[in-house]
Each structure stands twice: as C-alpha cells, then as structure tokens.
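Q: What follows is a predicted structure for the sequence shown.
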Amino acid sequence: MGVISSKLGNLGIVTTTLDEAVNWGRTGAMWPLLFGLACCAIEYMSTQASNYDLARFGMELNRASPRQADLLIVAGRVSRKMAPVIRQLYDQMAAPKWVISMGDCASCSGVYNNYALVQGVDEVIPVDVYVAGCPPRPEQLIHGILTLHEKVRGDHIKEWAS
Amino acid sequence: MVLQTPEKTGEVYKWEGSVEELKGLVTERAITGETMLLNMGPHHPSTHGVLRLLLELDGEEIVSCLPDVGYLHTGIEKNMEHKTYEKCVTLTDRMDYLAPMSNNLAFCLAVEKLVDLDVPERAQIIRVICMELTRLNSHLVWLGTHALDMGAMSVFLYCFREREIILEMFEMLSGQRMMSSYIRPGGVWRDIPPEFMPALEKFLDYMPGKIDDYEKLLTNNPLWIDRTQGIGIIEPDVAMAWGVSGPSLRGSGVSWDIRKAMPYSGYEQYDFNVPVGEHGDVYDRFYVRILEMRESVKILGQALKRLTPKGPFRSDNRKFVPPPRSELGQSMEAVIHHFKLWTEGFSAPDEEVFVAIESPRGEIGCYLHGAGDNKPRRVHFKTPSFMHIAALPVMSKGHLIADLVGIIGSVDIVLGDCDR
C-alpha cells in the first residue's frame, strides 16, 4: 500500500483487510474494452475526451483486446447479428469482469421494439449496472461507473472462490 | 438465430463455414491457401463502429476486401411505417448519429414536399445554422478519430473539446446534446433561446483559430503526409460509378455539392466555396474536409447576420403544425388542432417523393411514400456510408493492411448510417 502510506506521512504501518486492498486496486484501474456499437459510443468517447476526462477514475486506458479488459461497456443497440459477437467478447474477457449496459437500447432496446434488435443486452450477457438515457450524458455514464465501483467495493473474498 | 441465455452458451458461436463458400468472392489463390484470409471486425478499434471486413492478404498486401455490413441493423425504416410523421423524426436522429440534424432535415423536407407545406424564411435560416453546426460537429469527430487511428492522439482531445461547445449549443436549442429531433415538418421545434445567438457569435470567433491548430498538427506533418498521400486513390469516374458522394467524392476532384447543385433551405443565398481535391487520396479527402469546416464557419457567420432574434420559427398551417401554447387558452379551434395533431397526426397523400440533401458524409436521400393516412407506407434512406463501404474494396486494393485503417477513416463511415 505504497500510495496510502506516502499520503499518510511517516506513520509506519497501515493495516487493512485483503478484501479492501484488492477492491481498492480493482476500482482504481478498471480498464474498459475499446468497444462501441452506436450513438452511445460517441458519448462514451466524449466521456473519455478532454472535458469529462475519464482518466480521473483510472479508466483512460482502453484495451482493444478483451483478454486485457476488465469492463465491457455495451454502448449502443445490439442487433441480432451482433449479439453472438458480444457474447464471444464477454467470454474472452478474463475474470473478474463487469458489464455496464449504457443507454436505453442496450438496457431494454429503447424506442425499438422490432425484429432487428435484441431486447436488452442482458438476454445474452449478465449486466452489473444499467445506465438510462438516449444517449446518456457523460455525467450519467460516470455515475454508472461510480455505482459499479461501489458494487465492487462491496465484494468479499469468499464470493470470488465460488 | 437462436439466442442463448448466459448459462447455455456453447458451440453456437463457432463459425462452421468453409473457404469453399467464398468461391468467386476471393481469388483462387485463397482457396488453395496461397494467400491468407483475415477477419477484421466487427470488434476492431479502427473500423468506426461494427464494420466487418474479410481480407485476402498476400503477405501484408490486400488482394481483395469483402465488407460485411448489418451488424447494426436496427429496422428503423420498417419501424417508421408504424409511426406518425411527427414521431418518425425521432427515429431519423438515430441513423447517422454523428449528424442527427441532417437526417431530420432530409426527412422533414420529404414530408414537406409530400404534403406541400411551406417553411417560413426564418425557420430556414435556423435550419441552415443547425446544418452547418452539425457539419462541424461531424467533421470534428471524424478528424479526431481518423487521426487517432493513424496514431495522433492529441488531435482527438482537441477536436472533442470544440465539439462540446457545439453540443452545448444543441442543448440550448433542443434540450438534448445529440439526439435533438429539433427540425420538424414545417419548421423547427421551438424558437431559439435568447442565449443561443451570443453563444454562436462567440463560437464563430473561436473556431477558425482552432481549425488552424488542427492544421498545424497535421497538414504539413511529414508523418501524416507519408501515411496519407498516394494512399487509397479513387479516380473521379470510378468514384461516381460506385456512388461515392460528399467530401469523399470532392477529394477526387469532382465539384458536386447538393447545396450548390440542388439548393434547399435557401442555400442559394449564401456565399461559400466548394473545396475540391486533386488526387483522390486519403490526404485530399482529409484536406477537403478541413476546408469545408472553414466554409461552414463562413456560412454560419452569414446566417447569423440574417437571423432576426424574433419571428416565426415554424409554419402557421394548423393542419400540420401544432398551435403555440398561448393560443390554447383562447381558441377552441386551436385545442382541436392540438389534440388531432398529437393523437392522430396529419395525413399525407398516396404519393411518392424523393429528397436529397448534403449531409456531412455526402448525399443523404429520403424516399417517402405516403399511404393516404397518417403513417407512411414506405420510407427508405439512401445513405452515403453504405456507398462508401461498397467502394472500400476499390480503394484498398494493393495497399498494405496498415493503410486500410487510414482509408476507412478517410471515407468517414458511420455504421448506423449504413445499416439503419
């Protein structure tokens, strides 16, 4: 815990639990998969860019390979042709992995109730946090990410084993 | 296709096709295994969305390139057949999500042509302002991502900084950053708010200097020139044969701009140039768009001068356009019109129309067939991205795989626009 001890000055020893130490690490650098589908991906790019600066949450590094990513942000509408691809990407990610469903289309297919779209990405992959909006503002996405961080901080070591 | 629940995933996702299926699409050498087949996308950082390309490679050289579209097919055109004309506007936003207002306008112009509805002068000026802001908005995203693909990260951050200012202005107009649905049949949704004109004025002073900055970063940058000049050349006649339009066509030296050729929304009253390239390569397509951004700023300046702070912002034909709120408390007639328009919508004759406008990407055409009642029988959009993807194999033949990324970026495709 080098960072914490340097912030606290010369206190000597910092005690913590394994749970907290690991979760601190996980929330501090949760790398998202560089993956966008539709309109929401553009707002996701805005969130990453200068004004909203996702680097504040340790997320400036997008990984193009699912094997190096921790977080899958499903940004946009999921067509029936795309659904297997998303499932494959999710399967290729190494655990622990999380999913944010960004926008109405990914969450419940939004304004489209038709033949072409999967009615919510949770039909193909498990979702941790749903972010509403069409498209959600960058602030909304950041709120979703912070909600996910909160969820991760509540994880216990016993649950990882199962 | 059967969708599997998370527990029941298995071999459904295995590709069970064989190379034999590709006979005729790739060369014989691929069948014998002499050249390599490589799949690019639909998840790829540089395909600008979910484009999938099947590449046949001889070493690093592209022998043939087969685009596979449809990964973002949303059924928007079919959905529109079940919505009233006013509600269809919201769906058009979500096709080409980098230029939502252009889609709005193409659809609204088609509806106005179908039902023969006039738009007041001032509403047309507001529309032109929206169009040019949209063009800047779209070109900024294009420039940022195109440069990012080629390895120039800082341009992306600068472009998105300026884009936020445009989005803030859209928010002033419509309350939404991206999917504004601001342009409606008969005019625009509401009058411009008082803070809009000062914001636009400030932006017009600010923007030219920023375009200079982008040029400083790229235009004479030897690395950028090496990566882009002489790459992805498409001859003017070939480009036209493939239906390439917009800046991508003008990069090949064809001076074709619908704003000049078939003016709409009063574009004939503005003084602007149509920049054209010379060689039809990636660099020329890049430079044409940079010059277009300067022209857009010019048009915005002229439109701002013509725009009066007060005046009509939509038609007063009550059969098609809802009455203002102030009238609702005084006139029974107005209440009836309001009720009819927001429940049933208006009816359009059983006729077909086609309208094309110049979107940031190229020619976006809207074919609209009325059904004699309040819903369209058929809506179809002729979108530039689809044409540009079709032309990718021509442009990329014989180039290295690393250059393909630049070529995809240079034709400025949006998969939502292509697949709809």
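A: In hand now; what should we look at?
Q: Next, give phi and psi for residue B:167.
A: Recorded main-chain torsions at residue B:167 are phi -60, psi -40, according to degrees, to the nearest 10.
Q: gap between it and residue B:271?
A: Distance of residue B:167 to residue B:271, computed by CB to CB, to the nearest Å: 28 Å. (Each C-beta comes from the backbone N, C-alpha and C, glycine too.)
Q: the more surrounded of the two?
A: Neighbours per residue (other CB atoms under 10 Å in any protein chain shown) separate residue B:167 from residue B:271, with residue B:167 holding more: 22 against 8.
Q: pretty sure the more buried one is in contact with residue B:179, am I right?
A: No - at 11.2 Å, residue B:167 and residue B:179 do not qualify as touching, with contact defined as CB atoms under 8 Å.
Q: Is the spatially most central residue of chain A bridged to anything, and to what?
A: To find the centre residue of chain A, average its C-alpha atoms and take the closest one (CA atoms, centre = their mean): that gives residue A:71, at 4.0 Å. Beta-bridge pairing of residue A:71 under DSSP bridges involves residue A:32, residue A:98.
Q: And the pLDDT for it?
A: The predicted local distance difference test score for residue A:71 is 92.
Q: That one touches residue A:29, doesn't it?
A: No - no contact is recorded between residue A:71 and residue A:29 when judged using CB under 8 Å, the distance being 10.5 Å.
Q: overlap in contacts of the two?
A: Applying CB atoms under 8 Å, 6 or more residues apart in numbering or on different chains, one finds that residue A:71 and residue A:29 are jointly contacted by residue A:59.
Q: Tell me which helix or strand comes right after the helix or strand bottoming out on mean pLDDT in chain A.
A: Every helix and strand in chain A was compared by mean pLDDT, DSSP states H and E; the lowest is helix A:2-8, with a mean of 60. From helix A:2-8 onward toward the C-terminus, using DSSP states H and E, the following helix or strand is helix A:18-28.
Q: Name the surrounding residues that touch the helix or strand that that next one is followed by.
A: Scanning forward in sequence from helix A:18-28 by DSSP H and E, the next helix or strand is helix A:39-48. Here helix A:39-48 makes contact (CB under 8 Å, 6+ apart) with A:35-36, A:52, A:54, A:59-60, A:62, A:73, A:75-76, A:102-103, A:105-106, A:134-138, A:141-142, B:49, B:94, B:97-98, B:141, B:145, B:160, B:163-164, B:167, B:177-179, B:416.
Q: quick revisit: which ones are touching the residue nearest to the centre of chain A?
A: Residues counted as contacts of residue A:71 (CB under 8 Å, 6+ apart) are A:30, A:31, A:32, A:33, A:59, A:97, A:98, A:99, A:100, A:148.
Q: same thing but 7 Å
A: By CB atoms under 7 Å, 6 or more residues apart in numbering or on different chains, residue A:71 lies in contact with A:30, A:31, A:32, A:33, A:98, A:100.
Q: Kindly give a single PyMOL line that selects the buried subset of those.
A: When burial is assessed using 16 or more other CB atoms under 10 Å in any protein chain shown, the buried subset of the contacts of residue A:71 is captured in PyMOL by this command:
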select buried, chain A and resi 30+32+33+98+100
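Q: closest to chain B among the contacts of residue A:71?
A: Chain B has its nearest neighbour among the contacts of residue A:71 in residue A:33, at 8.3 Å by CB to the nearest CB.
Q: Which of the contacts of helix A:39-48 fall in helices?
A: Mapping the contacts of helix A:39-48 onto helices (DSSP state H) picks out A:103, A:105-106, A:138, A:141-142, B:141, B:145, B:160, B:163-164, B:167, B:416.
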